[in-house]
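[1] Return atomic coordinates for the entry below.
(chains A and B, ligands or ions: 2)
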Amino acid sequence: MIRLSGRMRSALIIGGQGIRARKLRTALSMVSIFLGVLAVVVVQAGAEIVRQAALADLELQLGKDGTVQMYFPPTEKGAAAVLETLRGRGDALAQMSTSAIIGEPNTQPVNPGGAPFNDSAQGPAWATEGGGAVSMACDDQGFCRPIDVGPDTGAPRGAAIQLELRVLTGDVRRFIPYQVEAGRWLDFTGSPSMSPRIVVNREAAEGLARHRVPAELHVEGTTANPTPQIVGVVDDGNGQPTAYVWSEDLFNWLPGPAEQAEWVRGSMQVMLAPTAGEVERVLRARLVSAGVADNSVQTHVINVRKNIAEQLKLLRLVFLGLAALVLLIGVAGILNVGLATVGERVEEFALRRAVGTPRTLLAGIVLAETLLTGLFTAALAIGLSAAALRIGVTLLHRPEPFLQNIVFPWQAAVAGVVAGLVAGLLGGLIPAVRAARIPIATVMRA
Amino acid sequence: MTLIELDGITKTLKGQQKPRTILDGVDLTVESGQSVAILGRSGSGKSTLLSVIGLFDRADGGRYLLEGRDITRLPERRAAALRSASFGFVFQRFFLLKHLTAAQNVAMALVNGQGWLPRRRRRAKVMAALEQVQIAHLAKQRPAKLSGGEQQRVAIARALVRDPRVLLADEPTGALDTETGNLVIDALLAATERGCGLILVTHDRDHAAKMARVVRLTDGVLAPVLPEPAAPTVPALPVVHS
Ligand SMILES: Nc1ncnc2c1ncn2[C@@H]1O[C@H](COP(=O)(O)OP(=O)(O)O)[C@@H](O)[C@H]1O
Ligand SMILES: [Mg+2]
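    Numbers count the residues shown, from 1 in each chain, chains lettered A, B, ... in the order given. Ligands and ions are numbered 1, 2, ... in the order given. The predicted structure follows:
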């Protein structure tokens, strides 16, 4: 132990003296591998940021990894069994969706079909021959599709907006990480409220703010229009106006049992936490006893991370390959400098061996000097990239929450350190072996 | 006590053309505190012999005992430890590292991965060694600022700093003028008073004469050199002014 630490200390002193005596060479070595290490860091950082962005995006659409989705044929009895089983549960939920209109009764919504509110996405409305109205909604990519807005009631277009209403039996944020931007999220405990509490997404919030519609909620299939309380705004990554409501708050307003509404069973989606295996079994059993064929009940586990990693793998590999090539050129540089240095230090190494320095230690010192050079370079490249990322994010000044939360990915730092060490190792190995092979008798042949 | 015992040491160097036997059965015994001078023509193999004794290289045949221990075939790892602990080397060219101060050059023999001394004890040893060769005041100088004699004395301090059992000096005065050469020889001899053996390779008969024994290497074999009768003194000629 003492011997080892003595060696380490000796190596540190000798290596330090060597680097100090050859600052210019060390700097040249650093220059030669800097670009390569930087390239590796930038590629890793870029890939990681893209991956995180894609992940955040997909998680908002599909759900967190491990979430189990369950599919089954839409039958009234089945839907009833699901609603009953999942009532009050935290680890599993059913989500149903329908179209809803908030605003003055009997007016046409300003965005028929629940289209986004930004003007470019709003298409013209045409009267069709059948007397019904069809609206064209165009999205950001320029795809347009007709939306049936129902028979033309001749109602004036006025102060109402149409949106997608997602009805939840439990807290969906356990499965999908919606960001609460204002107010609060829904409360799925306690007793239901007579005026349904709803949370809207950004797009819906914008529509509500722009069109100042009266608070009256018309949901397909309800006979009376409740007055909703809008309790919060979330970012759900969805460009269409959307609102979320607790099923207990809403189902009171349905004329009969919920499962009798066509949209309830037709749009039912079930999500289960990875830990809810028991619920999954119970649910399956109840569905089967409600007359659903066992083999038609299917589950799917969300694995966004893996999918994205696989998609990005090739791209990352190609860029890393290019970076490695640049690094390799740098290694040739550091190797060149290293060999020249050993050639210059032949006498020093022979002398050090003469006074008893073991050859392994000498080889270790030469290697340690280039490894240190690699580490310094990595630190420099990582620092530079991190600073550039910071400055870039500030300059972009986009209100994207994802960009605001962006940090320099640790994977890129690790890759940089590894690249620096590998370059140091490749560049230092041959000089180290040469240093160890210098015959001591060199000092006698003057 | 017998320090070094060489018994029929042979060494053949594989040159470019045909192998040459440089040492052809060298016998040599050195006692603790004894000084031995080795004379011999250039190329006779004196440095080769020193490099076998100093474990820079191994003999091809024969037997080498150091303080009674057979070290003829020592693995390199243990040879390095022994070079550090038992031998001190002084070369014709001083071989100081020019980026280090005199003190750091001496400390180099302590910072060699063989054991560890804390900074203060290292410093004390370095200063004592510099003191021994009377150049403690030059501790902070770099070699470029030192004269040849001073540089060689730094090298001797480096050889002495670990209190070696044997000092090996290969033509240490070859690059120095007579006066500084004498200083260097005196510094080496002073070490033998503390029980250290000294093997000095030299071309200078006066320096050789200061050693307890003188041997000559010829045709790969060592033979004792008998003390020569003192040369007749020639009276100085009077200086003539024109
Ligand atoms: N590495 C070597 N390879 C081949 N021959 C060598 C080598 N080193 C020395 N010699 C030869 O060995 C002989 C003895 O050299 P050396 O021991 O240096 O003699 P000295 O020190 O007495 O001048 C010389 O002829 C020299 O040319
Ligand atoms: Mg010689």
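
[2] From residue B:82, how far off is residue A:250?
    Between residue A:250 and residue B:82 the computed distance is 91 Å (CB to CB, to the nearest Å). Every C-beta, even on glycine, is put in place using the N, C-alpha and C of the backbone.

[3] These two: which is more packed in?
    Remark: of residue A:250 and residue B:82, residue A:250 carries more neighbours, 26 against 19, as counted by other CB atoms under 10 Å in any protein chain shown.

[4] OK, contacts around that one?
    Contacts of residue A:250 were listed using CB atoms under 8 Å, 6 or more residues apart in numbering or on different chains, and they are A:165, A:167, A:196, A:219.

[5] hang on, isn't the second one packed against residue A:99?
    Looking back up the chat, that one is residue A:167. No - assessed by CB atoms under 8 Å, residue A:167 is found out of contact with residue A:99, at 11.7 Å.

[6] Compare the two (neighbour count), which wins?
    residue A:167 (27 against 16).

[7] State the distance from the closest residue to that one other than its chain neighbours to residue A:161.
    Using CB to CB, 6 or more residues apart in numbering or on different chains and skipping the chain neighbours, the partner closest in space to residue A:167 is residue A:96 (4.6 Å). Distance, residue A:96 to residue A:161, using CB to CB: 20 Å.

[8] quick one: residue B:153 is in a helix?
    Yes - the assignment for residue B:153 is a helix, going by DSSP: H, G, I helix; E, B strand; the rest coil.

[9] Could you report the neighbour count for it?
    Residues within reach of residue B:153, counting by other CB under 10 Å, total 28.

[10] Give me the nearest residue to it, chain neighbours excluded.
    Distances taken as CB to CB, 6+ apart place residue B:133 nearest to residue B:153, at 4.0 Å, with adjacent residues excluded.

[11] Walking through chain B, point out its strands one by one.
    Per DSSP state E, chain B carries strands over the ranges B:2-13, B:20-31, B:35-39, B:61-66, B:69-70, B:87-90, B:166-170, B:197-201, B:213-218, B:221-224.

[12] Save the ones you listed as JSON lines, and put in mean pLDDT, distance to residue A:55 and mean neighbour count too.
    As requested, those are exported to JSON lines (pLDDT from 0 to 100; distance: least, CB to CB, whole Å; neighbours: other CB atoms under 10 Å in any protein chain shown):
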{"stretch": "strand B:2-13", "mean pLDDT": "94", "distance to residue A:55": "69", "mean neighbour count": "18"}
{"stretch": "strand B:20-31", "mean pLDDT": "94", "distance to residue A:55": "73", "mean neighbour count": "18"}
{"stretch": "strand B:35-39", "mean pLDDT": "96", "distance to residue A:55": "78", "mean neighbour count": "23"}
{"stretch": "strand B:61-66", "mean pLDDT": "95", "distance to residue A:55": "69", "mean neighbour count": "18"}
{"stretch": "strand B:69-70", "mean pLDDT": "94", "distance to residue A:55": "69", "mean neighbour count": "10"}
{"stretch": "strand B:87-90", "mean pLDDT": "95", "distance to residue A:55": "65", "mean neighbour count": "26"}
{"stretch": "strand B:166-170", "mean pLDDT": "95", "distance to residue A:55": "70", "mean neighbour count": "25"}
{"stretch": "strand B:197-201", "mean pLDDT": "96", "distance to residue A:55": "75", "mean neighbour count": "25"}
{"stretch": "strand B:213-218", "mean pLDDT": "95", "distance to residue A:55": "80", "mean neighbour count": "19"}
{"stretch": "strand B:221-224", "mean pLDDT": "92", "distance to residue A:55": "81", "mean neighbour count": "14"}
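
[13] Turn these into a markdown table, including distance to ligand 1.
    Shown next, in a markdown table, are these (distance: least, CB to the nearest ligand atom, whole Å):
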| stretch | distance to ligand 1 |
| --- | --- |
| strand B:2-13 | 4 |
| strand B:20-31 | 5 |
| strand B:35-39 | 9 |
| strand B:61-66 | 16 |
| strand B:69-70 | 24 |
| strand B:87-90 | 14 |
| strand B:166-170 | 7 |
| strand B:197-201 | 7 |
| strand B:213-218 | 7 |
| strand B:221-224 | 12 |
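
[14] As JSON lines, these with distance to chain A would be great.
    Below are the strands of chain B laid out as JSON lines (distance: least, CB to the nearest CB, whole Å):
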{"stretch": "strand B:2-13", "distance to chain A": "10"}
{"stretch": "strand B:20-31", "distance to chain A": "12"}
{"stretch": "strand B:35-39", "distance to chain A": "13"}
{"stretch": "strand B:61-66", "distance to chain A": "14"}
{"stretch": "strand B:69-70", "distance to chain A": "17"}
{"stretch": "strand B:87-90", "distance to chain A": "5"}
{"stretch": "strand B:166-170", "distance to chain A": "6"}
{"stretch": "strand B:197-201", "distance to chain A": "10"}
{"stretch": "strand B:213-218", "distance to chain A": "14"}
{"stretch": "strand B:221-224", "distance to chain A": "18"}
